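# build me a structure from this.
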Amino acid sequence: MSQTASTGGWGSRLGFILASAGSAVGLGAIWKFPYMAGTNGGAVFMLPFIFFTLTVGVALLIAEFAMGRAGRQGAVGSLNRVAGRPWGVFGGIGVFTVFLILSFYSVVGGWCLKYLWDAVLGNGLITDTKELGTYFGGFVSNAVDSYGYLLLFLALTAYVVVNGIEKGIERVSKILMPALFILMLVLIVRGVTLPGGWKGVEFLFTPRWEDFTGSALFNAMGFCFFSLSLGAGTMITYGSYLNPKTDLPSSVGWVAFLAILAAILGGLMVMPAVFAFNLDPAAGPGLTFVTMPAVFAQMPFGHGFAVAFYACLVVAALSSSVSMLEACAALLTQEAGLTRKNAILATLVGCAVVGWAANMSFGSWSEVKFFGKNVFDILDYVTSNVGMPLSSFGIAIAAAWIAWPTTARELQSVRTYPAPTLAFVRILIGFFAPLFVAVVALGSL
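Okay, the predicted model is just below:
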């Protein structure tokens, strides 16, 4: 039985684009991009990030979607069917990687739920960042409370996925993604109209060549790769549900555009408010849980804006987590013969176990380290620097050199492209994309 037959497919091209963009956006657009752009040269960081996303990033997305739609199965089954059995290993690496990511990502997802609930209750709006840091540290080190929120986040993710593609992931994506952009725009308008808020815009968009080093260029490459959810089995899985008559290149273009837009909006949402209240723009991930509550505490109608901000975080987190769970469930359904509900349950149990270990990294296991990293950090490091690049590398080679006739057919399902255009795309997928992935992986290692 094909993947599409067992779970249903996308009901519309819009649903596919929004769900894929949701998988790509995630929390990185809100809590990582503002810091990276601001401290790596502002506009001169954004330009290579956008360039890499619209070239190599698009090429890798095309490769994953093409393999998935042609194979009509999960990441392993699609690659085995299209490129030959050994190539499914790269799909398996991707899905195992995304299982590990979902496990520790749910830790942060639980933090977002906790802070959203605090915002709803009007708690945590304190001007003293030291006190906020103590509050955050106390919460994440409380194994019972923080793990409870982790399990709640996993349960919300499962609630979406268990209803299938069209009635679950697509329906929710059509609500969550527009809601995310609307909430971001509301917060942006409020931030830039605060006294001093425009300095945050200048911080993001003013070219500062003195801050743009080789390291900054590498960071732009890395953020492009990871912001598109490449090499995680999710895009191949989503591609397997795609209608054969959907125009693949234009759909991929929209996904990349929305990912870029979300990152830029994330920067505009955070930095103006930070500058308006003279807080540290280089606080990194601490911006989310320590700096921003102090901003809202000093802002008129801060309670309402705090609710909107943490609702954005929860929406962004869920839009990514549902794609991760779907990729895992598809693999277990296809390769292990489990029913869809049992596959989802098995994945949740595994994530709960691994997530427990990652969650303990901030509590009683904080001193348990491997190569100088705690459990949470080692999971992040291995998935980002080994699993995702290795999977993407294999998929790109398979799409460009092993199964190119299939890739070319998928590209031309709606319109025919001239031979030079196809040759350019093939070189982009088969040569420049693997080189790009290798540079990112080796540089990180």
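# can you list the low-confidence ranges for the protein?
Filtered on pLDDT under 70, the chain yields the residue ranges 1-8, 212, 282-286, 444-445.
# give me the neighbour count for the closest residue in space to Ala63 that isn't next to it in sequence.
Spatially, and ignoring its direct neighbours in sequence, Ala63 is nearest to Ala399 (3.7 Å; CB to CB, 6 or more residues apart in numbering). Where C-beta positions appear, they are placed from N, C-alpha and C, glycine not excepted. Other residues within reach of Ala399, judged by other CB atoms under 10 Å, total 32.
# do the same with the one 3 residues further on
Residues within reach of Ile402, counting by other CB under 10 Å, total 18.
# confirm for me that it is in contact with Ala83.
Yes. Between Ile402 and Ala83 there is a contact under CB atoms under 8 Å: 4.5 Å.
# on that earlier part again, ok, the residue nearest to Ala63 to Val425 distance?
Ala399 sits 10 Å away from Val425, taking CB to CB, to the nearest Å as the criterion.
# now do the shared contacts for those two.
Shared contacts of Ala399 and Val425 (CB atoms under 8 Å, 6 or more residues apart in numbering): Ile62.
# which residue packs closest to Leu379, ignoring adjacent ones?
Leu379 sits nearest to Phe104 (CB to CB, 6+ apart), 4.6 Å away.
# could you do Ile264 as well?
Among residues not flanking Ile264 along the chain, Met46 sits closest, at 7.2 Å (CB to CB, 6+ apart).
# so what touches the helix or strand containing the one you found?
Using DSSP states H and E, Met46 sits within helix 43-52. Applying CB under 8 Å, 6+ apart, the contact partners of helix 43-52 are 36-37, 204-209, 211-212, 216-217, 219-221, 223-225, 260, 263-264, 436.
# what's near enough to touch Phe16?
Shown in contact with Phe16 (CB under 8 Å, 6+ apart): Trp10, Glu170, Tyr238, Tyr241, Leu242, Thr246, Ser251.
# tell me the SS of the fourth one?
What DSSP: H, G, I helix; E, B strand; the rest coil gives for Tyr241 is coil.
# so Ala329 makes contact with Asn163?
No. With contacts defined as CB under 8 Å, Ala329 does not count as touching Asn163, sitting 12.0 Å away.
# these two: which is more packed in?
Taking other CB under 10 Å, Ala329 and Asn163 do not tie; Ala329 has more neighbours (28 against 15).
# separation between that one and Ala358?
For Ala329 relative to Ala358 (CB to CB), the value is 21 Å.
# with Ala256 instead?
In terms of CB to CB, Ala256 sits 30 Å off from Ala358.
# Leu194 too?
36 Å.
# so between the two, which is more surrounded?
Taking other CB under 10 Å, Leu194 and Ala358 do not tie; Ala358 has more neighbours (25 against 18).
# quickly find the element holding that one.
helix 340-360.
# equivalent analysis for Ile175, please.
Short version, using DSSP H and E: Ile175 is in helix 171-192.
# show me what the helix or strand that that helix is followed by is packed up against.
Next in sequence after helix 171-192, counting helices and strands by DSSP H and E, comes helix 198-205. Where contact means 3 or more CB pairs under 8 Å, 6 or more residues apart in numbering; DSSP states H and E, helix 198-205 is packed against helix 33-39, helix 43-52, helix 171-192, helix 248-276.
# output those helices in TSV; the columns should cover mean neighbour count and distance to Val307.
Output for these, formatted as TSV (neighbours: other CB atoms under 10 Å; distance: least, CB to CB, whole Å):
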stretch	mean neighbour count	distance to Val307
helix 33-39	23	20
helix 43-52	20	29
helix 171-192	19	9
helix 248-276	23	14
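# which of those helices sits closest to Tyr417?
helix 248-276 (8.3 Å; CB to CB).
# what about the closest one, distance to the chain center?
Centre-to-centre, helix 248-276 and its host chain are 12 Å apart (CA atoms, centre = their mean, to the nearest Å).
# just stretch 339-356 next, same as before
For stretch 339-356, the separation from the chain centroid amounts to 20 Å (computed by CA atoms, centre = their mean).
# ditto for stretch 201-210
Counting by CA atoms, centre = their mean, stretch 201-210 comes out at 25 Å from the chain centroid.
# show the end-to-end separation of that stretch, please.
End-to-end span of stretch 201-210 (CA to CA, to the nearest Å): 18 Å.
# what's it in contact with?
Residues from elsewhere that reach stretch 201-210 (CB under 8 Å, 6+ apart): 34, 37-38, 41-44, 46, 192, 267-268, 271-272, 275, 281.
# now with 6 Å, please.
If you take CB atoms under 6 Å, 6 or more residues apart in numbering as the criterion, stretch 201-210 is touched by Ala37, Gly38, Gly41, Gly42, Ala43, Val44, Gly267, Met271, Pro272.
# which residue ranges of the stretch 51-200 of the chain form helices?
58-71, 75-83, 88-121, 129-140, 143-161, 171-192, 198-205 (DSSP state H, counting those that start in this stretch).
# of all the ones you listed, which one is nearest Ser366?
Among these, helix 129-140 comes nearest to Ser366, with 9.7 Å by CB to CB.
# now that closest one and helix 340-360, what's the angle there?
Following axes from the mean of the first three to the mean of the last three CA atoms, to 10 degrees, one obtains 130 degrees for the angle between helix 129-140 and helix 340-360.
# ok, and for helix 129-140, which residues are buried?
Judged by neighbour count (16 or more other CB atoms under 10 Å), helix 129-140 contains these buried residues: Thr129, Leu132, Gly133, Tyr135, Phe136, Phe139, Val140.
# near Leu442, how many other residues are there?
Neighbours of Leu442 (other CB under 10 Å): 10.
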